[in-house]
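> Below: sequence and its predicted model.
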Amino acid sequence: MAIKHLLVAAVAATTFLPVEICAQEFYKGKTIRLASGVSPGGGFDLITRTVGEFLSRNVPGNPTVIAENRPGAGGRVLANWLYSVAAKDGTNIGMIGPWTVLEPLWETQGAQFDASKFNWLINANREASSCAFWKGRGVENFADMRNKEVTIGSNVPTSTMTQDAVALNVMLGTKIKIVQGYKGTQDTILAAERGEVDGACGMWASSVTSAYAGAVKSGELKIAVQLGLEDHPDFEGIYNPVRAVTDPDDKLAMKLIFGQLDIARPFAMPPDVPEERVALMRKAFWETIHDKDFIAAAKQRGFVFRPTEGEKIQSLIAEMYATPKPVVERVKKILGY
């Protein structure tokens, strides 16, 4: 009888262990697959692999972490897989591009997921966009962009280089003429230097402070405006016209257009992962991004991170998905979707 009571007590103790302890025990001996939706070698791939090198040390049980690639359709293949196919036990994580997150709102063909139902763990880096102009073109600030026609180079209609400029024209009254056909930002800046165009929009903070830091510091390239829901530390003192918008519907539209910058490098788990494992992994990612060894490795590879907590990303994406249909349709028209 005494043995029977001991067995019952042991089973009960195991059954009612705190969920946090169960979550910590779960990862022991497991393999976490950390996927990016791009081919090997790009920024998203390198960030994913760098995180993968250090994540295990911050997950109780020290599971094996394998970085892998699931490229296709600009990240849509990964998002669809994570949403519908990947095991929902906490062992699959994806880094989804911000342009992919809102594809279901644009009714993009093949987008078979609802990003508001992913379990968002962290945004590794908050970005801001900007418009920059070459010296001697008479474009120093936002007022200049509204008072006279300025030209920017771009590649294709769906790029942020084009979309930022269109949004500024339609919603904020700038007079930007868009010249398409350039290969990308670098090609456009060279064209500005040659005098073919005045400058470029869609220039993210991480590029401005790395690839173009010298030109900005020397005064050859002038940042006229920054664009984002919040001011960015790398653009201190530069006017942000997005924050000056007061009309409620305009503010909702701006959140859809520029809110993607607040989720520039996000990691997510599939829907329906147990809450305690989501909480544990959010903590593990936060600790990893702030790990001094990780920071050193990231800097060596050219990355500096300004992370945002998973809970905040979860709320932001939920707000975006709750945008009234007329506002979504307006933004689709502005951006050319």
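Perfect, I can see it now.

> which residue packs closest to the spatially most central residue of the chain, ignoring adjacent ones?
A centroid search over the chain (CA atoms, centre = their mean) returns A264, at 1.6 Å, as the residue closest to the centre. Excluding the flanking residues, the one nearest A264 by CB to CB, 6 or more residues apart in numbering is E127, at 3.9 Å. Every residue, glycine included, has its C-beta placed from N, CA and C.

> For the one you found, give me its contacts.
E127 makes contact with W204, A205, S206, G228, H232, L261, D262, A264, according to CB atoms under 8 Å, 6 or more residues apart in numbering.

> Just give the number of residues close to the closest residue to the fifth one other than its chain neighbours.
In this case it means H232. Take H232 and drop its neighbours on the chain: the residue closest to it by CB to CB, 6+ apart is A128, 3.5 Å away. Residues lying near A128 (other CB atoms under 10 Å) number 26.

> wait, doesn't A128 sit right on G228?
Yes. Look at A128 against G228 with CB atoms under 8 Å: they come within range, at 3.8 Å.

> Find the residues that touch each one of the two.
Common neighbours of A128 and G228, using CB under 8 Å, 6+ apart, are N240, L261.

> Give me the domain ranges for the protein.
With domains defined by automatic domain parsing, the chain comprises 19-126+264-330, 129-259.

> Out of those, the one nearest G336 is which?
Nearest to G336, of all the domains of the chain, is domain 129-259, at 5.1 Å by CB to CB.

> And that closest one, end to end?
With CA to CA, to the nearest Å applied, domain 129-259 spans 11 Å between its terminal residues.

> Same question for stretch 84-92.
Start and end residues of stretch 84-92 are separated by 12 Å (CA to CA).

> what sits up against it?
Contact with stretch 84-92 is made by 23, 26-27, 30-33, 35, 63, 82, 94, 112-113, 269-274, 277-278, 281, as judged by CB under 8 Å, 6+ apart.

> Please state the mean pLDDT value computed over it.
Regarding stretch 84-92, the rounded mean pLDDT is 98.

> buried ones in that stretch?
Neighbour-count burial for stretch 84-92 flags A86, K88, G90, T91, N92 (criterion: 16 or more other CB atoms under 10 Å).

> what's the spacing between the third one and G259?
From G90 across to G259, the span is 27 Å (CB to CB, to the nearest Å).

> Kindly report the same for the first one.
A86 sits 25 Å away from G259 when distances are taken as CB to CB.

> and if you look at the last one?
Distance of N92 to G259, given as CB to CB: 25 Å.

> picking up where we left off before, what's the most distant pair in the contacts of E127?
With CB to CB as the measure, no two of these lie farther apart than S206 and D262, at 13.7 Å.

> shouldn't I317 be in contact with I263?
Yes. Counting by CB under 8 Å, I317 does reach I263; the two are 6.9 Å apart.

> what do those two both touch?
Counting by CB under 8 Å, 6+ apart, the residues touching both I317 and I263 are V101.

> quick one, helices of the stretch 151-300 of the chain?
160-172, 185-194, 205-208, 213-218, 248-258, 275-289, 292-300 (DSSP state H, counting those that start in this stretch).

> for these, which one sits closest to P324?
Short answer: helix 248-258, nearest of the helices of the stretch 151-300 of the chain by CB to CB, at 7.2 Å.

> Which elements pack onto that closest one?
Packing contacts for helix 248-258, counted by 3 or more CB pairs under 8 Å, 6 or more residues apart in numbering; DSSP states H and E, involve helix 160-172, helix 310-321, helix 325-335.

> buried stuff in the last one?
Within helix 325-335, the residues that qualify as buried are V327, V328, R330, V331, I334, L335, counting by 16+ other CB under 10 Å.

> residue contacts, the fifth one?
What it means is I334. The contact partners of I334, by CB under 8 Å, 6+ apart, come to Q163, V166, A167, V170, M171, A253, I257.
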